[in-house]
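Chemist: heads up, no residue letters with this:
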C-alpha cells in the first residue's frame with residue numbers, strides 16, 4: 001500500500017515537473033539545476049523605484065513565471081510590469097527565489113513530503129529539505145534573434161498561454177533573462193550552500209535520487225489543525241482578496257535588502273521562501289538569527305521588507321486561473337492573484353501577550369515549528385504593514401490603504417488602480 005502511494009505521488013511529480021525525484025542532497029549544484037529546470041514560477045525581486053503601494057528603495061518581490069535554457073532563467077515580461085519598471089529605472093540587479101513547495105499535485109498538496117505541512121516531524125515549506133534556491137545577477141533584455149527564439153520555445157512550452165500575449169503595442173511583451181553571478185541554496189540541515197556559477201552551469205539537471213520521499217496525494221486540509229478558508233473572493237474585490245490570501249496561503253517570499261556577499265551582492269533584493277501565519281491581517285513569522293533574511297533585517301542596514309504571495313501556492317487546489325494548460329491559466333495570469341505587503345519588520349517581545357498569540361497562530365498553521373531546536377533561538381516576528389500592492393484582475397495593480405485593508409471591507413475609493 002505504501003509503495004502504491006509512493007508510486008502515485010511520484011507520478012504526480014513527473015506530471016508536475018517532467019522529471020523523477022530531485023538529486024541527492026550532497027549534490028548541491030545538481031539540485032539547483034533541477035529546481036530551475038522543473039519549477040514553473042518563483043519570486044522575481046527588484047529594488048523598487050515606485051512609491052505607490054511600496055516605498056522607493058524597498059526590496060520588492062513579485063511572483064513570476066519563467067523557463068530555463070541550460071540553467072539560464074528566462075522570462076516573458078511587459079514594460080508595464082512593476083518589476084520591469086524598477087529595472088528600467090536603473091536598478092538592474094535582481095534575484096529569483098524558488099521553492100520546492102511550488103511542486104503541487106492537482107489538489108494543491110505539495111508533492112515532496114519535506115514540504116507538506118503535517119508530514120512527519122518537520123514537514124513544512126520552511127523545512128530545510130524542502131529546498132529553497134535563490135539565483136542572483138543582472139537583468140538583461142534579450143536581443144539576439146536565435147536566443148530570443150530558443151527562449152520563447154522554452155517559455156511557450158512551459159507556459160502555453162504566453163503564446164496568446166501581445167508581443168507589440170501597449171503591452172509589448174519581450175524576453176528577458178538573468179545573467180547569473182550568485183547561487184544560494186538550502187536543501188538540507190546545516191545552513192546554505194554557496195554554489196559558484198561555473199559549478200551550477202556544469203551540473204547535470206536530470207540527476208535524480210530516491211533520497212527525497214514523496215507524499216501521498218491526500219488533501220492538505222487533512223494534515224492541518226484547521227482547514228484553510230473557502231476559495232477566493234471575486235477578483236474585483238481587492239481588499240477581500242488581499243485579506244483572504246493572507247489567511248489562506250501557507251508561505252510566501254520574504255524579500256530583504258541583502259547585507260551578505262555570499263551567494264548574493266550587498267544591496268540586492270533577496271527573496272527567501274518563508275512560512276507565516278495570519279493574526280487579524282498581520283503576517284507573523286518564526287525566525288532565527290542564523291537565517292539569511294534575519295541577518296539582513298537585524299544585522300544589516302535596513303529592517304524594511306516586502307512579503308510576496310501568490311494564489312498559485314493555494315494549498316487546497318490549483319486554482320483555474322493559475323493552472324497551466326487552461327486557456328490563460330498560469331501563475332503569471334493576472335486573475336491568479338499576486339499580493340505584495342511591505343513595511344518594517346520587528347521582533348515580538350518575548351513572553352508578551354502578542355508573543356503568545358503569534359506563536360499560537362504559527363504553531364497551529366505550522367505544527368512542525370513546535371519541534372524546532374531550542375538552541376537555534378527561534379522567535380516570533382511580524383511585518384508592520386505600510387504598503388499593499390495587488391494584482392487580481394486585468395487592468396493593472398490595486399494600491400490598497402493599510403487602514404482599509406485592516407477594516408477588511410471593499411468600498412468605493414478604498415483602493416486605486418495603477419496601470
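Modeler: In hand now; what should we look at? The structure presented is a predicted model; accordingly, all values stated were derived computationally and were not measured. Residues are numbered from 1 along each chain as shown.

Chemist: wait, is residue 37 part of a helix?
Modeler: Yes. Residue 37 sits within a helix when classified using DSSP: H, G, I helix; E, B strand; the rest coil.

Chemist: State the distance from it to residue 22.
Modeler: Plainly put, residue 37 is 10 Å away from residue 22 if you go by C-beta to C-beta, to the nearest Å. (Each C-beta comes from the backbone N, C-alpha and C, glycine too.)

Chemist: which one of these two has more residues nearby?
Modeler: Between residue 37 and residue 22, counting by other C-beta atoms under 10 Å, residue 22 is the more crowded of the two (26 against 18).

Chemist: okay but that one is in contact with residue 111, surely?
Modeler: No. Residue 22 is beyond contact range of residue 111, at 10.4 Å (criterion: C-beta atoms under 8 Å).

Chemist: Identify the contacts common to the two.
Modeler: Shared contacts of residue 22 and residue 111, defined by C-beta atoms under 8 Å, 6 or more residues apart in numbering, are absent.

Chemist: Show me the shaky parts of the stretch 251-400 of the chain.
Modeler: For the stretch 251-400 of the chain, no stretch is flagged by pLDDT under 70.

Chemist: can you give me the strands for it?
Modeler: Applying DSSP state E, counting those that start in this stretch to the stretch 251-400 of the chain gives strands spanning 251-257, 269-275, 277-279, 282-287, 304-310, 338-347, 379-391, 397-400.

Chemist: I'd like those strands laid out as TSV, including distance to residue 71 and mean neighbour count.
Modeler: Below are these laid out as TSV (distance: least, C-beta to C-beta, whole Å; neighbours: other C-beta atoms under 10 Å):
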stretch	distance to residue 71	mean neighbour count
strand 251-257	21	29
strand 269-275	19	28
strand 277-279	35	19
strand 282-287	30	22
strand 304-310	24	26
strand 338-347	26	22
strand 379-391	29	21
strand 397-400	31	24
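
Chemist: got JSON lines for those, with distance to residue 364 too?
Modeler: Output for these, formatted as JSON lines (distance: least, C-beta to C-beta, whole Å):
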{"stretch": "strand 251-257", "distance to residue 364": "15"}
{"stretch": "strand 269-275", "distance to residue 364": "12"}
{"stretch": "strand 277-279", "distance to residue 364": "7"}
{"stretch": "strand 282-287", "distance to residue 364": "11"}
{"stretch": "strand 304-310", "distance to residue 364": "19"}
{"stretch": "strand 338-347", "distance to residue 364": "20"}
{"stretch": "strand 379-391", "distance to residue 364": "13"}
{"stretch": "strand 397-400", "distance to residue 364": "26"}
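
Chemist: And those: which comes nearest residue 68?
Modeler: Proximity to residue 68 (C-beta to C-beta) singles out strand 269-275 among those, at 16.9 Å.

Chemist: That closest one pairs with which strands, parallel or anti?
Modeler: strand 251-257 (antiparallel) (DSSP bridges).

Chemist: Just give me how far the strand it pairs with sits from the chain centre.
Modeler: Distance of strand 251-257 from its chain centroid, counting by C-alpha atoms, centre = their mean, to the nearest Å, is 8 Å.

Chemist: tell me the angle it makes with strand 338-347.
Modeler: 60 degrees (axes from the mean of the first three to the mean of the last three C-alpha atoms, to 10 degrees).

Chemist: Strand 251-257 to strand 282-287, inter-axis angle?
Modeler: Using the same axes, to 10 degrees: strand 251-257 against strand 282-287 is 80 degrees.

Chemist: what's strand 251-257 in contact with?
Modeler: Contacts for strand 251-257 (C-beta under 8 Å, 6+ apart): 42-43, 45, 47, 59-61, 63, 97, 99, 101, 125-126, 267-276, 283, 285, 293, 296-297, 300-302, 304-310, 313.

Chemist: do the same with stretch 361-370
Modeler: Here stretch 361-370 makes contact (C-beta under 8 Å, 6+ apart) with 117-118, 121-124, 126-127, 224-226, 250, 275-279, 284-286, 378, 380.

Chemist: Identify each buried residue in that stretch, please.
Modeler: Using 16 or more other C-beta atoms under 10 Å as the burial criterion, the residues of stretch 361-370 that qualify are 361-363, 365-369.

Chemist: now do the same end-to-end measure for that stretch.
Modeler: With C-alpha to C-alpha, to the nearest Å as the measure, the first residue of stretch 361-370 is 12 Å from its last.

Chemist: got it, and stretch 119-129?
Modeler: Length of stretch 119-129, first residue to last, C-alpha to C-alpha: 12 Å.

Chemist: Check stretch 158-176 too.
Modeler: 16 Å.

Chemist: can you give me how far it is from the chain middle?
Modeler: For stretch 158-176, the distance to the chain centre is 22 Å (C-alpha atoms, centre = their mean).

Chemist: List the buried residues of it.
Modeler: Buried, per 16+ other C-beta under 10 Å, within stretch 158-176: 158-162, 165, 173-176.

Chemist: what's the most distant pair in those?
Modeler: Largest separation among those by C-beta to C-beta: 160 and 176, giving 19.3 Å.

Chemist: which residues touch stretch 162-182?
Modeler: 65, 71-80, 84, 94-96, 134-142, 147-148, 151-152, 155-156, 197, 200, 263-265, 268, 327-328, 330.

Chemist: Show me these that map onto strands.
Modeler: Counting by DSSP state E, the contacts of stretch 162-182 place 65, 72-77, 94-96, 134-141 in strands.

Chemist: Tell me the buried residues within the residues you listed.
Modeler: By 16+ other C-beta under 10 Å, the ones in strands among the contacts of stretch 162-182 give 65, 72-77, 94-96, 134-137, 139 as buried.

Chemist: any idea which of those residues is the one closest to residue 344?
Modeler: residue 95 (21.0 Å).

Chemist: Do I have it right that the closest one meets residue 270?
Modeler: Yes. At 5.6 Å, residue 95 counts as touching residue 270 under the criterion of C-beta under 8 Å.

Chemist: what do the two both touch?
Modeler: With C-beta under 8 Å, 6+ apart as the test, residue 95 and residue 270 both reach 45, 134, 136, 264.

Chemist: So for the third one, what pLDDT did the model give?
Modeler: Okay, so that is residue 136. Per-residue pLDDT puts residue 136 at 98.

Chemist: Please apply the same query to the first one.
Modeler: If you check residue 45, the pLDDT there is 98.

Chemist: Then the one 10 residues further on?
Modeler: For residue 55, the model assigns a pLDDT of 98.

Chemist: quick one on the thing from earlier: closest to residue 233 out of the buried residues of stretch 158-176?
Modeler: Nearest member of these to residue 233, counting by C-beta to C-beta, is residue 161, at 23.1 Å.
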